[in-house]
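Asker: Quick check, what structure comes out for this input:
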Amino acid sequence: MIILGLAGGFDPVYESYFDFGADLLHDAAAVIIQDGEVIAGIEEERLNRIKHTNKIWHSAVRFCLEQANTTLEELDQIAIYVSEPFLDESLKQLRLIKSEMAAVADGRAMYQYLFKREFGIDVPREKFTFVNHHLAHAATAYYMSGYQQSLVLTIDGSGDNVSTTVVDVQGNAFNTLMTKPVQQSLGFFYLDVIRFLGYQIFDEYKVMGLAPYGDAGRFAEKLSSFYTLLPNGDYTLHREKIVSLYEDLAPRHGDQPFEQIHKDLAAALQQTLETIVMHMLKHFQQATGHQRLALAGGVGQNSSMNGKIMQSGLFKQVFAPSFAADSGCAFGAAMYAAHQSQPSLPFKRIEHAYWGTPVLAGDHLYQTLAKWQQFVTIEKMDNRADRVSDLMIEGKVIGWMQGRSEFGPRALGNRSIIADPRLGSHKETINAMIKMRESYRPFAPSVLEEYVCDFFEVPEDEKDFPFMSFVLPVKQAHREQLAAITHVDGSARLQTVSKIHNPEYWQLIDTFRQKTGVALLLNTSFNNHAEPIVDSADDGVVCYLTSGLDYLVVGDYLITKRNWGEAELNTLIPALPKAARLIQEDCYRDNQHRSVQSHIEWNYGGSSRHIIPNALHRILQLADGATPLAELIAKAGIETGVNEPLLELWSSRFITLTPQSAI
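Answerer: You can find the predicted model right below:
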């Protein structure tokens with residue numbers, strides 16, 4: 001049985017007809033499974049290059065079908081990550097404000113319409129299976145874990161009007177023990193508080209890194225008034241009281257520095273989340289007797305919380321996938337549908353998430369890289385692990401692309417930035433020059449699974465951490481030695497690397513171990529602040545050229561930057577991404593002065609405007625995706641002054657620049 005699982009929105013990348021906010025239908029993805037085995041899976045953002053995209057899953061579906069060598073007609077089921085009654089009711093509300101939707105009678109008709117629009121295929125109504133959002137989350141964690149019975153906790157912002165569920169799972173039977181409505185959402189509670197830190201939706205993970213710098217005691221009493229712990233593992237949030245934080249601090253904005261008060265609030269917030277979650281888990285562990293726990297939902301990606309749960313000893317085993325948020329629901333919906341249709345499918349832990357785009361091989365890869373030869377040199381390596389390990393020992397920071405890309409938001413060694421974990425200076429270098437992000441942000445270690453106990457304090461029954469889902473202590477004896485991956489509190493969000501599931505990465509780390517005695521590397525996702533993790537070789541080259549990375553490794557090729565300037569830049573072909581809008585306004589800027597202002601923005605909710613010079617606006621108006629920059633500059637009658645803002649737009653991914661040989 002072949003099942004396609006889906007998560008995400010309705011709009012094509014070039015439209016914003018439905019104009020959903022960033023908090024709705026985000027993290028679009030598709031996963032295809034056959035008889036319970038994953039064939040392929042990818043987040044739409046890796047392909048359309050929009051972080052946390054709430055656009056339709058069009059490209060992800062095409063990829064999955066190609067990888068599975070199948071067609072839409074041959075699918076047995078298409079599993080959707082929302083309950084049918086909730087979707088039907090939501091569409092009723094949508095039809096009130098979108099008259100064009102009048103002909104779409106219900107959720108099944110909506111998905112028929114979407115597949116017809118995107119693929120020209122009439123999908124029978126009965127082929128769609130709808131899985132409650134939190135049930136899809138629960139299925140993600142449970143079926144990934146390989147457990148045959150466990151407690152499952154799902155926490156997110158909202159889904160199907162629910163924000164939290166506690167589920168007792170026995171075999172394929174999911175018995176929900178507790179649900180919490182959206183009004184009691186721990187995800188939204190966390191978001192409400194981090195706005196005082198200058199953060200917004202999808203920034204929650206940053207606060208985990210900030211919290212260890214703070215003193216939770218400063219805000220402990222204040223935040224304790226924001227919730228009440230109730231009998232039987234229940235709780236009540238008093239979100240209306242969060243506004244009282246104005247009494248203690250002014251909200252941080254923009255690029256203002258983080259002061260100690262912000263760090264203290266982050267620490268107290270993280271502690272509050274952990275207190276409430278442990279309150280729930282203690283009760284339901286005692287009530288059910290379960291010794292195993294599986295975690296999912298967006299809050300299930302809080303690896304600091306996950307580590308505290310694991311270290312508490314409340315459960316013998318704790319599991320959290322690397323894709324606990326909504327993209328994972330594509331997997332969860334598909335696996336739930338599979339196990340309900342085929343109850344005899346085995347329960348087995350899924351050991352990796354390398355389900356995405358493979359790196360090109362042979363001549364195809366070289367031809368792709370060779371398009372950029374005005375900007376880089378390309379060297380075929382005879383011994384990749386030996387050469388790259390030497391470069392890291394020399395202090396170089398490297399973009400590393402091998403095999404199939406990872407499903408989900410974690411770089412697990414196939415689309416990673418890697419470096420020597422012993423060099424503390426890497427923290428500042430990578431954050432500032434490469435990732436272009438806050439200086440306090442920590443980096444994760446990738447450690448050979450055979451050596452995890454040598455470097456980290458791990459529970460007796462847990463030695464396998466392939467998904468970077470848990471923050472655990474670095475052993476005291478190694479904290480100073482591993483300065484680049486040890487956070488201020490002595491912890492690290494570790495990933496274990498298996499020779500079976502990632503032999504290339506394992507070999508690199510083992511070669512580094514033989515030379516240094518250290519069986520791990522610094523690993524962070526290969527992207528800058530403005531984009532998703534790179535997927536294709538072209539993505540990797542662009543990120544390399546627009547960052548401070550020292551080298552790029554793709555397959556067996558070592559890529560090195562040339563000295564390039566205006567002449568080389570002018571050979572590239574600029575284009576606007578399909579989701580970008582180029583806008584020029586002629587209006588008053590104050591009571592007396594009127595002027596023309598140009599800007600570029602994205603066509604999805606919450607996008608901010610990026611002001612550009614009017615001269616650059618004229619050039620981009622002429623950009624047709626086929627004409628080199630030099631010709632566009634001449635046509636626009638521009639003499640100078642656009643290179644710097646053009647490069648800034650490229651670095652921010654507001655435009656693409658493509659070599660002529662690629663057209």
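Asker: For the spatially closest residue to residue 392 that is not a sequence neighbour, give me its contacts.
Answerer: Leaving aside its sequence neighbours, residue 392 sits nearest to residue 420 (Cβ to Cβ, 6 or more residues apart in numbering; 4.7 Å). Quick note: C-beta positions are derived from backbone N, CA and C, even for glycine. Neighbour list for residue 420: 392, 393, 395, 426, 484, 512, 516, 521, 522 [criterion: Cβ atoms under 8 Å, 6 or more residues apart in numbering].
Asker: Identify those among those residues that sit within strands.
Answerer: 521, 522 (DSSP state E).
Asker: What is the nearest of the contacts of residue 420 to residue 548?
Answerer: residue 426 (11.5 Å; Cβ to Cβ).
Asker: How much space separates the closest residue to residue 371 other than its chain neighbours from residue 374?
Answerer: Using Cβ to Cβ, 6+ apart and skipping the chain neighbours, the partner closest in space to residue 371 is residue 659 (4.2 Å). Applying Cβ to Cβ, to the nearest Å, the value for residue 659 to residue 374 is 7 Å.
Asker: So those two - more neighbours on which side?
Answerer: Taking other Cβ atoms under 10 Å, residue 659 and residue 374 do not tie; residue 659 has more neighbours (19 against 15).
Asker: Hmm, that one is touching residue 370, no?
Answerer: No: contact criterion Cβ atoms under 8 Å: residue 659 and residue 370 do not qualify, at 9.2 Å.
Asker: Give the buried residues for stretch 239-257.
Answerer: 239, 242, 245, 252 (16 or more other Cβ atoms under 10 Å).
Asker: Identify all contacting residues around it.
Answerer: Here stretch 239-257 makes contact (Cβ under 8 Å, 6+ apart) with 183, 188-189, 192-193, 195-198, 219, 222, 225-226, 258-259, 261-262, 265.
Asker: what's the span of it, first residue to last?
Answerer: 27 Å (Cα to Cα, to the nearest Å).
Asker: What are the structural domain limits within this structure?
Answerer: Each domain of the chain is listed here as a residue range: 2-81+84-130, 144-324, 362-561, 566-662, per automatic domain parsing.
Asker: just how off-centre is the shortest one within its chain?
Answerer: So the one you mean is domain 566-662. A distance of 28 Å separates the centroid of the chain from that of domain 566-662, by Cα atoms, centre = their mean, to the nearest Å.
Asker: Now do that domain, average pLDDT.
Answerer: For domain 566-662, the mean pLDDT works out to 92.
Asker: residues in contact with the nearest residue to residue 107 once chain neighbours are set aside?
Answerer: Leaving aside its sequence neighbours, residue 107 sits nearest to residue 87 (Cβ to Cβ, 6+ apart; 3.6 Å). By Cβ under 8 Å, 6+ apart, the contact set of residue 87 is 80, 106, 107, 110, 130.
Asker: of all those, which comes closest to residue 555?
Answerer: residue 80 (36.4 Å).
Asker: Give the closest residue to the closest one in space, chain neighbours not counted.
Answerer: Residue 80 sits nearest to residue 130 (Cβ to Cβ, 6+ apart), 5.1 Å away.
Asker: Narrow the contacts of stretch 239-257 to those that are buried.
Answerer: Burial by neighbour count, 16+ other Cβ under 10 Å: within these this picks out 188-189, 192-193, 196-198, 219, 222, 226, 258, 261-262, 265.
Asker: Mark which of those are part of strands, please.
Answerer: Using DSSP E, none of the buried ones among the contacts of stretch 239-257 sit in strands.
Asker: Of those, which belong to helices?
Answerer: The helices, defined by DSSP state H, take in 188, 189, 192, 193, 219, 222, 261, 262, 265 from the buried ones among the contacts of stretch 239-257.
Asker: Among those residues, list the two that are farthest apart in space.
Answerer: 188 and 261 (22.9 Å).
Asker: start to end distance for stretch 52-65?
Answerer: 22 Å.
Asker: contact partners of the strand or helix carrying residue 635?
Answerer: Using DSSP states H and E, residue 635 falls within helix 629-636. Outside helix 629-636, the residues that touch it by Cβ under 8 Å, 6+ apart are 569-574, 615, 618-619, 622-623, 627, 642, 646, 657.
Asker: State the distance from the residue nearest to residue 392 to residue 414.
Answerer: Residue 420 is 20 Å from residue 414, by Cβ to Cβ.
Asker: What of residue 385?
Answerer: Taking Cβ to Cβ, one finds residue 385 at 15 Å from residue 414.
Asker: what's near enough to touch residue 189?
Answerer: Contacts of residue 189 (Cβ under 8 Å, 6+ apart): 226, 227, 237, 239, 242.
Asker: Could you state which residue of this structure sits nearest its centroid?
Answerer: Geometric centre of the chain, nearest residue: residue 409, 2.8 Å, by Cα atoms, centre = their mean.
Asker: Just say helix, strand or coil for that one.
Answerer: coil (DSSP: H, G, I helix; E, B strand; the rest coil).
Asker: looking at it, it is touching residue 323, isn't it?
Answerer: Yes: assessed by Cβ under 8 Å, residue 409 is found in contact with residue 323 at 6.8 Å.
Asker: any idea of the mean pLDDT for the helix or strand encompassing residue 452?
Answerer: Using DSSP H and E, residue 452 sits within helix 452-455. Across helix 452-455, pLDDT averages out at 98.
Asker: List the neighbouring strands of whichever helix or strand comes after that helix plus their orientation.
Answerer: Sequence order places strand 470-473 as the next helix or strand after helix 452-455, per DSSP H and E. When pairing is defined by DSSP bridges, strand 470-473 lines up against strand 491-497 (antiparallel).
Asker: which among the buried ones among the contacts of stretch 239-257 gets closest to residue 154?
Answerer: Out of those, the member with the shortest distance to residue 154 (by Cβ to Cβ) is residue 188, at 14.7 Å.
Asker: Please report how far the closest one lies from residue 204.
Answerer: Taken as Cβ to Cβ, the span from residue 188 to residue 204 is 11 Å.
Asker: Now residue 220: closest residue in space, sequence neighbours ignored.
Answerer: Counting by Cβ to Cβ, 6+ apart, residue 220 lies nearest to residue 268, which is 5.6 Å off, once chain neighbours are set aside.
Asker: buried ones in the one helix or strand the one you found maps to?
Answerer: Counting by DSSP H and E, the element that carries residue 268 is helix 260-288. Buried positions in helix 260-288, judged by neighbour count with 16+ other Cβ under 10 Å: 261-281, 283-285, 288.
Asker: Appreciated, that's everything.
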